[in-house]
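Undergrad: would you be able to build a 3D model of this:
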Amino acid sequence: MARTLTFAAARGLARSRLNCACSLTRIRSLTSATNNNINQHYDVIIAGGGAVGSVLARLLLNDNDKSSLSHRRRRPLKVALLEQRSAPPSLENIANYSSSKNNKQTPNARAYALSPTSLSYLGPSVLQRLQQTNRLGIYDSMQIWEHDGPAQLHFAGEDLNEAVKSGRLVDLHGLIERNNDTAQHQQQQQESNRRPWLGSVVEDAPLVSAVWDELRNDERIDLIDNVQITSISAPSLNTMGNVEPPPPVEMSCTRSITNEGGSKQDEECTLSADLLVAADGANSFVRRTLESSFPMITHSYDRKAVTCTVELDFRKGDMAKTAFQRFLPHGPIALLPVWNSLDNDDAPIYANVVWSTTPSEANHLLSLSGTEFITTLNHHLCQGPNVNPPLLSNNNNRGMPHIPIIGTIAKEMDSLLRTANTALTMGTWTESPSRNFFRMPPASARVVGPIMGFDLKLSHVQQGYTAPRVALVGDAAHTVHPMAGQGLNLGMGDVYSLSELIKEAVDSGMDVAGTGLFLDRYNQERMVKGLGTVGGVHGLHELFRCSGSTSSSSGIMNANALNSGGNASGVESIVGLGRSLGMNVVNGLGPLRRAFAEAAAGAAFSR
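TA: As a prediction, this is how the structure comes out:
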């Protein structure tokens, strides 16, 4: 079992057991150098025990490599996972609490949309337990449309069939079924409805608990909760490239513990590692402490996200494993499937809402009552595609020469382009049953839980993800707009890449981070991916914000503006029409649409 460490001043304390909120875990005492300081060295210390940090720990301890020979000779890695908060409860405790008769637990709005590749990094046992406890909001269809045009994007599980069959994308059905008994596996193999998943929405708490449960059963890792890093001493840049490897990273930490009598006290310790990984979020203490090594590029979107969980009006449809996203002038609204009770058919159906808009509109939404919020949400989301606004409205005609024939030709070209775009939309309706209609998203009935808001910004490390014996992963290295759902998926790519290179270093008999060879490779791989993703999402945001609107005094678009597409300038109308045509081209060209779907799913490129 994993060791949840209690720092002790005495040398050679005997092993004991601690009954904590999460589970019984074995505690190993640390050897102290002095009466007040405890020294412990690790191959890898991961700062941050959330989703990114815990998955990195799981991947480092995973010996199911493609090459069975490598892990047989690999020396065991000594890993520590540091978490500032208390250790999470077990997944069973969460599931039992939510299924108790006196509890009506609803899905939490703090959740992630994970791609198939990111889900595979959790491992088959974690995935299976999340599915068995009904904590996966699986979707195999996605519908995207705009408020000021007819264009639609429909992605379906079938778009990933080729990638799954060729082995470029993991088969999640097969991954989970490997842990099932043979009879059940054969029965599931014969089911006709086995469309690949486009992804799944997973709450933060069950996700972290499920991964920690697996880590608790591994003796190679020390799980240290309620710990605060107070100082970090890392090698300087000029120590790399010398004959001697750079010295280890050293950290001073304080851990808050509760004695048997219930009183709390702080214990001091000193930890060192061959590699320190910062997985402690966007406000990373590790990155800020080593600020000179990790300068950041930041950009405010002047946007704010509003998120909450809603109960759907079951009389007006359900989610049908579909993720919906509608683009409004100031940002998109997403309605995402989450876990729902399987006990009976009359149980409520829930979904998560993520609404990105201007700070003034977001603050207005946050000030609404639950009933008012639902009315506003349904009004803005439950609307079908529209027609493109005229390129040459009366306002846009100002400044043009008053030559009748030129005006007539311009208007005819305007009408032709908008008609062609509508025709392109209709032309995709006959491709397949899953793409031959627009599906109106279900109406929401009420808000369950709090309505939360947070500011949106772009950030990315300027020079690189690594410094001597230090690496950044996840939000510590980059943050992106949530419109494409790539935030945690990008972080999952970081931890997979880093874990593979760490294990490669160990298999080569080398110090985990004693040379720049492996960290440089990690930096090169993830800088290209990170900048590409951040830049791509930023480009999409700028493209979709080119849209005219009429705002009411409350800050939310009024009905007339919503239904007419708003009052767009000439440039905005042209950009909007081009964007609409582009969406229709992607949706209508199967190979192009499948390429977009595979990229979002994390499939490997075909060669």
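Undergrad: tell me the mean pLDDT for stretch 378-385?
TA: The pLDDT scores in stretch 378-385 average 90.
Undergrad: centroid-nearest residue for this structure?
TA: Leu488 (2.8 Å; Cα atoms, centre = their mean).
Undergrad: host element of the nearest residue to that one once chain neighbours are set aside?
TA: Nearest residue to Leu488, sequence neighbours excluded (Cβ to Cβ, 6 or more residues apart in numbering): Tyr112, at 4.4 Å. All C-beta spots, glycine's among them, are computed from the backbone N, C-alpha and C. Secondary structure assignment for Tyr112, by DSSP states H and E: strand 111-114.
Undergrad: just checking, what packs against whichever helix or strand comes after that strand?
TA: Using DSSP H and E, the next helix or strand after strand 111-114 towards the C-terminus is helix 116-121. Contacts defined by 3 or more Cβ pairs under 8 Å, 6 or more residues apart in numbering; DSSP states H and E place helix 116-121 against helix 51-61, helix 172-177, strand 199-203, helix 487-507.
Undergrad: and of those, who's closest to Glu267?
TA: Nearest to Glu267, of all the helices and strands packed on helix 116-121, is helix 51-61, at 21.7 Å by Cβ to Cβ.
Undergrad: before we move on, the earlier item: how near is the residue nearest to the centre of the chain to Leu119?
TA: Between Leu488 and Leu119 the distance, using Cβ to Cβ, to the nearest Å, works out to 11 Å.
Undergrad: also Arg526?
TA: Separation of Arg526 from Leu119 (Cβ to Cβ): 20 Å.
Undergrad: one step back: tabulate the helices and strands packed on helix 116-121 (TSV), appending mean pLDDT and distance to Glu311.
TA: Output for the helices and strands packed on helix 116-121, formatted as TSV (pLDDT from 0 to 100; distance: least, Cβ to Cβ, whole Å):
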stretch	mean pLDDT	distance to Glu311
helix 51-61	97	26
helix 172-177	87	28
strand 199-203	95	16
helix 487-507	94	25
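Undergrad: which among those is found nearest to Asn283?
TA: Per Cβ to Cβ, nearest to Asn283 of the helices and strands packed on helix 116-121: helix 51-61, 13.8 Å.
Undergrad: just the buried residues of that closest one, please?
TA: Residues 51-61 are the ones in helix 51-61 that count as buried (16 or more other Cβ atoms under 10 Å).
Undergrad: list the buried residues of the helix ranked longest in the chain.
TA: Using DSSP state H to define each element, the chain has its longest helix at helix 516-544. Buried residues in helix 516-544, counted by 16+ other Cβ under 10 Å: 518-519, 521-523, 525-527, 530, 533-534, 537-538, 540-541, 544.
Undergrad: now stretch 110-120
TA: Buried, per 16+ other Cβ under 10 Å, within stretch 110-120: 111-120.
Undergrad: OK, contacts around the residue nearest to the centre of the chain?
TA: For Leu488, the contact set (Cβ atoms under 8 Å, 6 or more residues apart in numbering) comprises 51-52, 112, 114, 118, 474.
Undergrad: pretty sure Pro235 is touching Pro468, no?
TA: Yes. Pro235 is in contact with Pro468 according to Cβ atoms under 8 Å; the separation is 4.0 Å.
Undergrad: these two: which has the busier surroundings?
TA: Neighbour count, other Cβ atoms under 10 Å: between Pro235 and Pro468, Pro468 has more, with 23 against 18.
Undergrad: measure Thr133 to Ile94 for me?
TA: Thr133 is 8 Å from Ile94, by Cβ to Cβ.
Undergrad: actually Val506, not the one I typed
TA: According to Cβ to Cβ, Val506 stands 34 Å off from Ile94.
Undergrad: over to Ile349?
TA: As judged by Cβ to Cβ, Ile349 and Ile94 stand 20 Å apart.
Undergrad: with Ser499 instead?
TA: For Ser499, the distance to Ile94 - Cβ to Cβ - is 26 Å.
Undergrad: looking at those two, which is more packed in?
TA: A side-by-side neighbour count of Ser499 and Ile94, using other Cβ under 10 Å, places Ser499 first with 24 against 19.
Undergrad: roughly how far out does the longest helix of the chain sit from the chain middle?
TA: 15 Å (Cα atoms, centre = their mean, to the nearest Å).
Undergrad: any idea of the mean pLDDT in it?
TA: For helix 516-544, mean pLDDT is 84.
Undergrad: please renumber so the chain begins at 59
TA: Okay, using 59 as the starting number, the last item reads as helix 574-602.
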